[in-house]
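Asker: Got a sequence here, can you build the structure:
(chains A, B, C, D and E, ligands or ions: 4)
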Amino acid sequence: LDDVHLQTDWIPSGEHAMYYGGWSKGIFEDHGINITITRGYGSGDTVTKLAGGAFDFGVADFGAVLAARAKSEIPVKTIGILYTHSPHSLFVLESSGITDFKGLEGKRIGITPGNSHRLYFPKVAERAGTDASQIRWVNTDGATMAPLLIQKKLDAAPFYSIHYYYQNKAAQAVGESIRVLPFEKVGFAIYAASLVTTDEMIEENPDLVKRFLAAVYESFEWAKENPEEACRLHTERVPEVAMDDCLGSLEATLGFVINEHSEKTGLGQYDPERLAFTWEVVKEAQEIETDFDPTEALDTSLVPSAVGN
Amino acid sequence: MVFEIPAFLLPSPARILRDSVAEADTLGWHTLATLKTVFLGFLASVVISLPLAVLITSSKRMANTIYPILVLTQSIPKVALAPILVILLGTNELPRIVVTFLVAFFPLVIAVATGLSSVPDDLVELGRSYRGSRWQMLTRIRLPYAVPMIFSGLKVAVTLSVVGAVVAEFVNADAGLGYFIISSTAFFETGLAYAALIILSLMGIVLFQIVVVAERVLFPWSPANTDPVSR
Amino acid sequence: MVFEIPAFLLPSPARILRDSVAEADTLGWHTLATLKTVFLGFLASVVISLPLAVLITSSKRMANTIYPILVLTQSIPKVALAPILVILLGTNELPRIVVTFLVAFFPLVIAVATGLSSVPDDLVELGRSYRGSRWQMLTRIRLPYAVPMIFSGLKVAVTLSVVGAVVAEFVNADAGLGYFIISSTAFFETGLAYAALIILSLMGIVLFQIVVVAERVLFPWSPANTDPVSR
Amino acid sequence: MPSGTETPNGHAIVLDGVERVFESRDGEQIQALKGVNLTVSEHEFVSLVGQSGCGKSTLLRLVAGLLAPTVGRVAIHGETVTEPRTDTGLVFQSPTLLPWASILDNLLFPLRMLHRPIDAEARERALALLELVGLAGFASRYPKELSGGMQQRAGICRALMHDPDVLLMDEPFGALDALTREEMSRELLDLCVRRPKTVLFVTHSITESVLLSDRVVVMSPRPGRIQEIVTVPLPRENRIGSEASHEFQSCAQHIRDLIFGRRHAAA
Amino acid sequence: MPSGTETPNGHAIVLDGVERVFESRDGEQIQALKGVNLTVSEHEFVSLVGQSGCGKSTLLRLVAGLLAPTVGRVAIHGETVTEPRTDTGLVFQSPTLLPWASILDNLLFPLRMLHRPIDAEARERALALLELVGLAGFASRYPKELSGGMQQRAGICRALMHDPDVLLMDEPFGALDALTREEMSRELLDLCVRRPKTVLFVTHSITESVLLSDRVVVMSPRPGRIQEIVTVPLPRENRIGSEASHEFQSCAQHIRDLIFGRRHAAA
Ligand SMILES: Nc1ncnc2c1ncn2[C@@H]1O[C@H](COP(=O)(O)OP(=O)(O)OP(=O)(O)O)[C@@H](O)[C@H]1O
Ligand SMILES: Nc1ncnc2c1ncn2[C@@H]1O[C@H](COP(=O)(O)OP(=O)(O)OP(=O)(O)O)[C@@H](O)[C@H]1O
Ligand SMILES: [Mg+2]
Ligand SMILES: [Mg+2]
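Answerer: Numbering: from 1, shown residues only, chains lettered A, B, ... in the order given. Ligands and ions are numbered 1, 2, ... in the order given. You can find the predicted model right below:
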C-alpha cells in the first residue's frame, strides 16, 4: 500500500463527499493506496503547498494551476479535469427582482480580495451584454457575504453554485430565498476544479498517479450511484456537515463532473476548444503577458478513460 | 445595534445550547485537540522566552540584535507564515505549535526582560558583593525580583496561546476548535460556531485564572496578590 | 532548511526588489493605508488601556470583573469577530481600527496594571502622607514608577498593532498591505507579496524603535536605558 | 508617670488608649503598641526614645494618619486622625525619595501634592532649606547620587517645605555625623523659635533628646508601652551650651537608667 | 599623620593613592575621594569618621570590590581588589534585605551565593546570630515586618554568616538605640576576640569609634581625604568600662576637635 496524502481545495462539505466517502468505503485501498485526506485552504494554497512537497496530490482550480505555472513557473500540473465548467455564479435574492446579469447594472456586488468572480466578471458581462462599469463592487469579508446579502446590504454575492442548497436554507429561515445566476448560463464555460500533482510525481511514479486517478474517478461514480451511502460515510468523518446539506452539495457537484461534456470527452479529459477559452479567460483575468501553452499545465494521459481502463 | 444582527449570525443562547448538547462529543474532541496545541505552544513560549529574555538583558548589544528579529516575527502575519511552516515542518502538529508559540511568546519575552532589567541597584550590589555569578544573579536576585513581571507576561502568553492555536487551526488543521469554527460557519451552523467560540473564551479565562492562582500559591509575596487599596 | 523552500514560494531578493520597484507607487499607497490603521489602532490601545489598567488596579474586585472580559476579547479569534464588527460598524475603516485595537491592547493593559500595582510600599506611603488623591497617587507616584513597565507594554502594543492592522485588512479592506498580500498571493505575485511582508517587518521594527527612543528621550532614568552590565 | 487621659482641646496631639496589632504573613498577631496615652501640647517638643522595635515608628505613623489604631484614638488639634493631615509633616526613618525626581523636585513634591503654588518663592525656599542642611549645589542631583546622610537631609527639607504645624520626625539625624547632627539640631531649634511647631521626635541619642525636647517619652518594648515621661528641667531656649550642667546630665542619666535598667545602674 | 605607602605584604588592607570620581547624570564630575593612603594591619579594628558625604561609604565600597578606584590601588592580603572577595563581609548602610525572603533565608543568602553547605549547622549558626542581636523568634518573618533597627541587625548577621576575615561595616549601628548599640558593640568586640578579624568600621559616634577601634581615621570632605589617623591609646581588650578614663576622653576630644575644627575648640 502506498501512503498518499491528498489535500482538497476547501473545507470538507458535501462537495467532497466522494473523497471522504471513498476513503471510508475502501476504494483507494482497492487501488493499493493508503490515503489521508486533509482540508484545503483555497486553490492557491493547495498549489503552492503541493509544489513545496507538503502532500502528494491536491484538488485545485485549473485556472490557479495555469496562473501558477505561467506566472511563477510552479511545477504542478492538472492530471485530471473534475469540473467541466466553473461553478462561479452570483447569488441574488428572489425578492430583489433581479433575474439576469443585465439586472445587475447599478447594483452592489460583494467581493473578497483576489476573488476570481471579479476577474471573470468582465467576460461574463460581455457575453450577457451588461455594462461592467455600472457595477459597484463592495469589498468585504467572505463570512459576511451571505448575511449582507440577506440583509439587502448587498444586491448580489459571488458564490459557487454548489453551495446553493444550504445557503438557500439559511435564507429561507428569514423568509427569503436565493436565486442563482451561474456564469455558465451565458456561455462562460471554463474548466474549474481539477486533480493536481507535481511534475516530479508524474515523472517518477506514473503508476501511482494512474492508480490515484482511477480511485478518485471510481469514487465519483460510486458516489453518483450511492449518494446516501457516500454522505453517510462523509458525515461520519465530518460530523458538522448535515446530511441534507451533504446530499444537496454532492448532487450539485456531480453535475459538474459527470455530464454531457464528460460523456463526450471521457471522464477527466478535456476538450481543446474549452481549454483554449479557459486559457484566454485566465490570461486576461490574471494579466499574464508571457507566452504560454496551456497544455503545459495539464497532462491527462494517466486518467483511466484515456488509458482505456 | 445588537438587534440588527440576524439570528444566523448571532444565534440565541438557547439555540447555541441546543446545538452544543447535540454535538457535545464532537465539540469535546475538538476542544481536546485545541487544548493540546495551546498547552504545547504555551510550554514552548515559556521554555524559549525565559532564556531569550536573559540573553536580551545580558547586554545592550544583545538587545539591539535580538529585538529587531523578534519584532520581525511579530509583524509578519502568522497566516502568511503558515504555508511556509507547513512545507518546512510537514502537515503534522508542529506548524501549529510553532504558530501558537509565535503568537504567544513576544509579550512574555518583553515582560520578562523588563522585569529582569529593573532590579534595584542595591540588590544587584548585594548579589555582587557575594561574588554572584551571572547564573546566581539571575536565579537568586533577578528572577525573584521579576516574578510579578514574569507572571504578567505569562498571563498574556497563556491567553494568546489560545488564540494562537486557533489561528494555527484556521490555516492548517483538520481538527481543533479553529478548524471547527471555520467549517461550521461555512455550513451556516452558526450555533455550533458560537458554541466553539464560547468554549474558547472559557478556555482562555480558565487558563488565565490558573496562572493567577499559580502566582498566588507559588509567590504569595508578589504585589499582584495583595490588594492595592488595603491601607 | 531554508534551502528546501522552492523559489516560487520564497522568491529571490533580486526578484522581490525588481517587483517592488516596478510597483513602488502601489506599495507606497498600501503602506500608507496600513500605517494609518496601525496608528489609529495603537492610539486607541493607549487611550483605552491606561484608564483600564488604572481601573483594574483600583481594587481586587474590579480586577476580578474586568480581567475575564479582557481575556474573552483575546481568546476569540479576531477573524471570527471581524464579520460581526463589519455588520455592526459598517464596511468602513472603523472595524479595522477596532480589530487592531483588540489585537494590541491586551498586553499593554496587563503590563501597565502590573507596573501600577508593584509600586513599593514606602513610596505609596509617602504619597499618602501628603494626602495624595487617587489621581495624584496615580500621576505623581504610580505612573512614574511604572514607566519601564508601561514602555514594555507599549513596545508590544506597537508591534502587535502592525499585525493587527494586517489581520483586519485580510478580512475587510480594499487597501492596505494586508489586502495587498492577499490579493497578490491570489494572483501568484509572490514577489510582491514578499515585498509587502518586508515592508511590514520594517514598519514593525521602525515603530518599535520609535518607542524605544521615546523612552530614552522622555524618561532617561528608566532602567531600560541603562546598560545592565555596567558595573 | 504616664499622662492621664485629658480632654483634647488646646492640645496639639492626643493618643488615648492606643493599641496597634500587626498581622505577620504567617498569620501571627504582633502587638506593636499597647495602652499608649500621650498628650502633646501646642508647640511642645517631645522626643520618643526606646529600644529598637519598641514601636516608635508605629506610634509616629499612627499620629501621621498612615496607620489606624487597632484600639483607641489619635487626635490632632482636637480632631480624630483618620487620614494624613495637611498640617503635619513626616520625616521617614529611611529617606524615601522619589528616585526619578531631582532633589529639588523631591522637595517640591509636598507642594505639588497639596496643590500649593510652585512659584519662584517656593523654589527659593527649597534652595534655602538645602543650603541650611549643607546640600547647596545638589538641587539638580538625583537621590542615587547622594550619600546616605545627604539623602536623609533632603528628606528633612521635604518635610519642612509646606511649613507644617506638627512635625513628626523618625530618627531624622540617624545617619548624620556628630558635626552635621549638631548643626542640624541647632537649625531645628532655631526653626521652632522662628515658627513655633509641635514636634514629635524619634531619636536614639539620649543627649539629643534632652538637648532638644521639653519632655522625653521613654518606651519599653514587647509590646510597646510608655515606660515613663521625663520632663527636661531646663528652658529650651538656652539649652545649647548647657550640656555640661548638672540638670542636663542628671536628666540624661535618668533616661539612660530607665532604658538600661537595673543592670546598668548596678555596673 | 596620614600613613605612608607601605609594602602590602602582612597588611590586611592597603589603599594606595586612591581617588574616585563619579559622574552625575548631568555629566558633572564629582570627586568623592582624593589621594587616600591607608594601611590596615591584620586583625586591626579601624574606624572611619567624618562628615556626611565625605566618602566613607565610597571608601568601603572600594575595599569591598564593588567600585573600582579611578586612580590608585586597593589591596587585601596583598592582592589587588578588582572584584568582591569571599573573605570580606560587607554591612550596607541601608539594610538591603531581599524583600521576598524570610529573615532566615536572608541570612543564608551569602552561603547560597558562595556555594557553602546549607545544613543544620548553618541554620543553627543563623539562629544563634539572630539570638545574639535580639532577633530570636524573627527568623521566619519577612523584612517588611521588621522595624528599621531590626532590619539593620539582620543585615549585620548576614555579613557574619560566612565568617569573613575582613569585615566592612557601614554605620552598622546607625539605626540602633543606645542600649542595643552598646550590646551590639560588646558582641562585636567579643566576636573579634573569639575569631580575630580585620574590621573597617564607619560610624558617626565618636565614642563608639574610640571604644571599638585600634585606630580612628578622620576624614575631611570635598573631596574626601584622610585628615588624620588617631591611634587609640588604650588596649582594646578592657576598653569597655574605661569610657570615663582620661585617655579615652582626651582621645575622643581630639577626634571631636578634628571634626568640629577651630570653631568648636574656641566655643
Ligand atoms: N553614584 C554616585 N553618583 C554620583 N555621586 C556619588 C555617587 N555615590 C556617591 N557620590 C558622591 O560622593 C560623595 C561621597 O559619598 P559617600 O556615600 O561615600 O559619603 P559618606 O561619607 O558615606 O556619607 P554619609 O555619611 O552621608 O553616608 C558624595 O558627595 C556623593 O554625592
Ligand atoms: N507591617 C508590619 N507587619 C508586622 N509587624 C510589624 C510591621 N510594622 C512593624 N511591625 C512590628 O512592630 C514592632 C514595632 O515596630 P516599629 O517599626 O514601630 O519599631 P521602632 O521602635 O520604630 O524600631 P526601630 O528603632 O528599630 O526603628 C516591631 O516588633 C515590628 O516587628
Ligand atoms: Mg523605627
Ligand atoms: Mg555613607
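Asker: now the strands: where do they sit in the stretch 51-200 of chain D?
Answerer: Under the criterion DSSP state E, counting those that start in this stretch, the stretch 51-200 of chain D carries strands at the ranges D:71-76, D:79-80, D:88-91, D:166-170, D:198-202.
Asker: Serialize the ones you listed to CSV and add fields for mean pLDDT and distance to D:L97.
Answerer: Heads up, the C-betas are built off the backbone N, CA and C, glycines and all. Formatted as CSV, the strands of the stretch 51-200 of chain D follow (pLDDT from 0 to 100; distance: least, C-beta to C-beta, whole Å):
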stretch, mean pLDDT, distance to D:L97
strand D:71-76, 90, 26
strand D:79-80, 87, 30
strand D:88-91, 91, 12
strand D:166-170, 92, 15
strand D:198-202, 92, 19
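Asker: Nearest to C:V166, out of these?
Answerer: strand D:88-91 (53.8 Å; C-beta to C-beta).
Asker: Contacts for that closest one, please.
Answerer: C:129, D:60, D:63-66, D:76, D:84, D:110, D:155-156, D:158-162, D:164-170, D:172 (C-beta atoms under 8 Å, 6 or more residues apart in numbering or on different chains).
Asker: please redo it, this time with the cut-off set to 6 Å
Answerer: C:S129, D:A64, D:G155, D:I156, D:A159, D:P164, D:V166, D:L167, D:L168, D:M169, D:D170, D:P172 (C-beta atoms under 6 Å, 6 or more residues apart in numbering or on different chains).
Asker: Show me what the helix or strand harbouring A:K224 packs onto, helices and strands only.
Answerer: Applying DSSP states H and E as the criterion places A:K224 in helix A:206-225. In terms of contacts (3 or more C-beta pairs under 6 Å, 6 or more residues apart in numbering or on different chains; DSSP states H and E), helix A:206-225 is packed against helix A:17-25, helix A:27-30.
Asker: Point out the most buried one among those.
Answerer: Of the helices and strands packed on helix A:206-225, the one with the most neighbours on average (mean count of other C-beta atoms under 10 Å in any protein chain shown) is helix A:17-25, at a mean of 25.
Asker: how close does the one residue in the stretch 51-200 of chain D that gets nearest to chain B sit to ligand 1?
Answerer: Of all residues in the stretch 51-200 of chain D, the one sitting closest to chain B is D:K144 (7.0 Å; C-beta to the nearest C-beta). Distance check for D:K144 against ligand 1: by C-beta to the nearest ligand atom, to the nearest Å, it reads 6 Å.
Asker: can you check A:R237 too?
Answerer: Distance, A:R237 to ligand 1, using C-beta to the nearest ligand atom: 71 Å.
Asker: Would you agree that residue is in contact with A:Y19?
Answerer: No - using C-beta atoms under 6 Å, A:R237 is not in contact with A:Y19; the gap is 9.8 Å.
Asker: just so I know, which of the helices and strands packed on helix A:206-225 lies nearest ligand 4?
Answerer: Ligand 4 sits nearest to helix A:17-25 of all the helices and strands packed on helix A:206-225, at 79.5 Å, using C-beta to the ion.
Asker: pLDDT weak spots in chain B?
Answerer: Along chain B, segments meeting pLDDT under 70 span B:1-9, B:222-231.
Asker: so what's the residue in it that chain E sits nearest to closest to, chain neighbours aside?
Answerer: Chain B approaches chain E most closely through B:Y130 (3.6 Å), counting by C-beta to the nearest C-beta. Excluding its sequence neighbours, the residue lying closest to B:Y130 (C-beta to C-beta, 6 or more residues apart in numbering or on different chains) is E:M113, at 3.6 Å.
Asker: For that neighbour, list the residues it contacts.
Answerer: Residues in contact with E:M113, defined by C-beta under 6 Å, 6+ apart, are B:Y130, B:G132, B:Q136.
Asker: Which helix or which strand is home to the residue lying closest to A:G187 once chain neighbours are set aside?
Answerer: Among residues not flanking A:G187 along the chain, A:R127 sits closest, at 5.4 Å (C-beta to C-beta, 6+ apart). When elements are assigned from DSSP H and E, A:R127 belongs to helix A:116-128.
Asker: And the helix or strand following that helix, what's buried?
Answerer: Toward the C-terminus, helix A:116-128 is succeeded by strand A:136-139 as the next helix or strand (DSSP H and E). Going by neighbour count (16 or more other C-beta atoms under 10 Å in any protein chain shown), the buried part of strand A:136-139 is A:V138, A:N139.
Asker: quick one on the thing from earlier: the residue of chain B closest to chain E: neighbour count?
Answerer: If you count neighbours by other C-beta atoms under 10 Å in any protein chain shown, B:Y130 ends up with 23.
Asker: need the helices for chain B, in chain order.
Answerer: Using DSSP state H, the helices of chain B run over residues B:13-22, B:24-58, B:60-75, B:78-89, B:94-117, B:121-129, B:134-136, B:143-171, B:177-186, B:190-218.
Asker: next one: chain A
Answerer: Per DSSP H, chain A carries helices over the ranges A:17-25, A:27-30, A:43-51, A:62-72, A:116-128, A:142-150, A:164-173, A:199-204, A:206-225, A:227-237, A:243-257, A:260-265, A:272-285, A:304-307.
Asker: the inter-axis angle of the helix holding A:R127 versus helix A:62-72?
Answerer: Here helix A:116-128 runs at an angle of 110 degrees relative to helix A:62-72 (axes from the mean of the first three to the mean of the last three C-alpha atoms, to 10 degrees).
Asker: related to what we said a few turns ago, how about the helices and strands packed on helix A:206-225 in JSON lines, adding mean pLDDT and distance to chain E?
Answerer: Shown next, in JSON lines, are the helices and strands packed on helix A:206-225 (pLDDT from 0 to 100; distance: least, C-beta to the nearest C-beta, whole Å):
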{"stretch": "helix A:17-25", "mean pLDDT": "93", "distance to chain E": "57"}
{"stretch": "helix A:27-30", "mean pLDDT": "93", "distance to chain E": "62"}
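Asker: now for those, which one comes closest to C:G115?
Answerer: Evaluated over the helices and strands packed on helix A:206-225, closeness to C:G115 peaks at helix A:17-25, with 52.7 Å, by C-beta to C-beta.
Asker: ok, residues contacting that closest one?
Answerer: With contacts defined as C-beta under 6 Å, 6+ apart, helix A:17-25 is touched by A:12, A:35, A:37, A:219-220, A:223, A:230-231, A:233-234, A:237, A:246, A:250.
Asker: can I get those in a markdown table with pLDDT and neighbour count?
Answerer: Converted to a markdown table, the contacts of helix A:17-25 look like this (pLDDT from 0 to 100; neighbours: other C-beta atoms under 10 Å in any protein chain shown):
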| residue | pLDDT | neighbour count |
| --- | --- | --- |
| A:P12 | 84 | 25 |
| A:I35 | 93 | 25 |
| A:I37 | 91 | 22 |
| A:S219 | 93 | 23 |
| A:F220 | 93 | 23 |
| A:A223 | 93 | 29 |
| A:A230 | 93 | 28 |
| A:C231 | 93 | 27 |
| A:L233 | 93 | 20 |
| A:H234 | 92 | 30 |
| A:R237 | 87 | 17 |
| A:C246 | 89 | 29 |
| A:L250 | 92 | 26 |
